[in-house]
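> Just need the structure, nothing else, for what follows:
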Amino acid sequence: MPNTPMRSDRPTACLALADGTLFYGKGFGAAGETVAELVFNTAMTGYQEIMTDPSYAGQVVTFTF
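Numbers count the residues shown, from 1 in each chain. All right, here's what the predicted structure looks like:
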């Protein structure tokens, strides 16, 4: 088998903070750009509920799993 780089169908994500710090990762969902408040959720379960919770509207949710 040839040595080929891994291919990802998910877009690459970049989180840019106000101080200029950049964090790169893998995105999921629709491609696009946004400006939003970054919030954290430390729950060990219930990710589906968190992603659909209307109280997080307009925020980027970060999970700490």
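
> Grab the nearest non-local neighbour of the residue positioned nearest the centre of the chain.
Centroid check for the chain by Cα atoms, centre = their mean gives Gly27 as the closest residue, at 5.4 Å. Using Cβ to Cβ, 6 or more residues apart in numbering and skipping residues adjacent in sequence, the residue nearest Gly27 is Ala13, 3.6 Å away. C-betas here are computed from N, CA, C, even on glycine.

> Please verify my assumption that that neighbour contacts Ala30.
No. Assessed by Cβ atoms under 8 Å, Ala13 is found out of contact with Ala30, at 11.9 Å.

> Which one of those two is surrounded by more residues?
Ala13 (13 against 6; other Cβ atoms under 10 Å).

> What strands flank the helix or strand containing that one, and is each parallel or antiparallel?
Using DSSP states H and E, Ala13 maps to strand 12-16. Here strand 12-16 has these sheet partners by DSSP bridges: strand 22-26 (antiparallel).

> Tell me the first helix or strand C-terminal of the strand it pairs with.
Using DSSP H and E, the first helix or strand after strand 22-26 is strand 37-41.

> Tell me which other helices or strands that next one touches.
strand 59-63 (3 or more Cβ pairs under 8 Å, 6 or more residues apart in numbering; DSSP states H and E).

> low-scoring stretches of this protein, by residue?
Within the chain, the segments meeting pLDDT under 70 span 1-11, 65.

> related to what we said a few turns ago, pairing partners for the residue nearest to Gly27 in the sheet, please.
Bridge pairing for Ala13 - DSSP bridges - gives Gly25.

> list the contacts for it?
Going by Cβ atoms under 8 Å, 6 or more residues apart in numbering, Ala13 touches Tyr24, Gly25, Lys26, Gly27.

> Would you mind measuring from it to Asp19?
Relative to Asp19, Ala13 is positioned 18 Å away (criterion: Cβ to Cβ, to the nearest Å).

> Also Gln59?
To Asp19, Gln59 is 19 Å away according to Cβ to Cβ.

> who has more neighbours, the two?
More crowded of Gln59 and Asp19, by other Cβ under 10 Å: Gln59, with 12 against 5.
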